[in-house]
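J.: Structure for this input, please:
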Amino acid sequence: MSTNSLNRDALVVSICLYDDLPMSEQLDNLGQQTEQLAQLLKTQGGFKVKHLPETVDFKLDLRKRVTLPELEQAIEKLLYPPEESPTQTALLFFAGHGLVKETRLGTEGFLATSESDGRSTFGVSLKWLRELLHNSPVKQQIVFLEACHSGTFFQSFEPDEKHDICFVTSARAHEEALAQGLLVQALLESLDCKKRLEDRITSEMLIRYLDKIQETNKGWQRFVYGIQGESILLSGVRGKLLHDTQSKQTLKSTAKSVFLPQKNQSVTIGDNATGNIIVVGDDNQIG
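T.: Prediction:
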């Protein structure tokens, strides 16, 4: 299967090395799970995957730092491809520490880079990421964030009609996230067509799978989801993936809007037949 013919790009980030933030063996385990996800995105998702940090043989390097300029540049490259080589589908996965900064204007969330200390340096602003996504020429956008307080990504979120989106965070805005990686584990289970005995997995199917997985989780941590527009094909068996990405009419969705869970509010999966799209709402923590 040729990934070039599908124009599907993924940036998979897993930061295990921090200068001033806590590190644990579970961060390394999370990095290993993230590499498994990267391979799944290649083999079943048809994505051309860029790792950050990356080894010489194009795998995640769990012993290398990632700085703020490096991560920002990589995200910009993903979401703003050259005009002569447009991207149909862009996927960003981040695993690492998540931080929040309290200001007079409210709480702002960040994806912590290696030099972040939570005092003077925080990392990639989630507000900045939202603005990049909003203005990106890439039609289909997928974001998975495995980090503490990653739900701040949805604060003051303004969906638009220009993009088809599938955004999932591992925790609500006020929550820490377990370093064992509940989201990446759920993605490994949900996106594997062979395990699910499906010939394809779409964004709407993913949300339903995640909702079922979350029902069995006994802890306090809750995923936050948002999807809008037409369904996005996330993974599929060989041959079926290429056919469906070239036949968008097979993936039409009635979804038109996103409804986001508020702090401490329990939100259940919606009935897609109504036309409203699906949204849902300490041991060793990531952030």
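
J.: Only C-alpha atoms from now on, for both contacts and neighbour counts.
T.: Fine.

J.: Centre-most residue in this structure?
T.: Phe144 (1.0 Å; Cα atoms, centre = their mean).

J.: Contacts only, for Thr55.
T.: Counting by Cα atoms under 8 Å, 6 or more residues apart in numbering, Thr55 makes contact with Asp61.

J.: follow-up on the earlier one: am I right that the residue nearest to the centre of the chain is in a strand?
T.: Yes: per DSSP: H, G, I helix; E, B strand; the rest coil, Phe144 lies within a strand segment.

J.: Just confirm it contacts Leu111, I think it does.
T.: No: counting by Cα atoms under 8 Å, Phe144 does not reach Leu111; the two are 11.9 Å apart.

J.: overlap in contacts of those two?
T.: Residues touching both Phe144 and Leu111 (Cα under 8 Å, 6+ apart) are Phe94.

J.: Identify the residues contacting Ser170.
T.: 144-148, 150-151, 177, 182-183, 221-224.

J.: Among these, give me the pair with the biggest separation.
T.: Phe144 and Gln221 (15.5 Å; Cα to Cα).

J.: quick one on the thing from earlier: are any of the contacts of Ser170 buried, and which?
T.: Buried members of the contacts of Ser170, counted by 16 or more other Cα atoms under 10 Å: 144-148, 150-151, 177, 182-183, 221-224.

J.: So which of the residues you listed belong to strands?
T.: 144-146, 224 (DSSP state E).

J.: Among these, pick out the one closest to Phe93, please.
T.: Using Cα to Cα, those come closest to Phe93 at Phe144, 4.8 Å.

J.: Tell me how many other residues crowd the closest residue to Phe58 other than its chain neighbours.
T.: Nearest non-adjacent residue to Phe58, counting by Cα to Cα, 6 or more residues apart in numbering: His51, 6.9 Å away. His51: 20 surrounding residues under other Cα atoms under 10 Å.

J.: SS state for the closest residue to Ser125 other than its chain neighbours?
T.: Once flanking residues are discounted, Ser125 sits nearest to Phe110: 4.6 Å by Cα to Cα, 6+ apart. Classification of Phe110 using three-state DSSP returns strand.

J.: Tell me what Phe110 is bridged to.
T.: Leu99, Ser125 (DSSP bridges).

J.: which residues sit in contact with it?
T.: Counting by Cα under 8 Å, 6+ apart, Phe110 makes contact with 98-101, 122-126, 150.

J.: let's go with 7 Å and repeat that
T.: Taking Cα atoms under 7 Å, 6 or more residues apart in numbering, we find Phe110 in contact with 98-100, 122-126.

J.: Fine, thanks again, bye for now.
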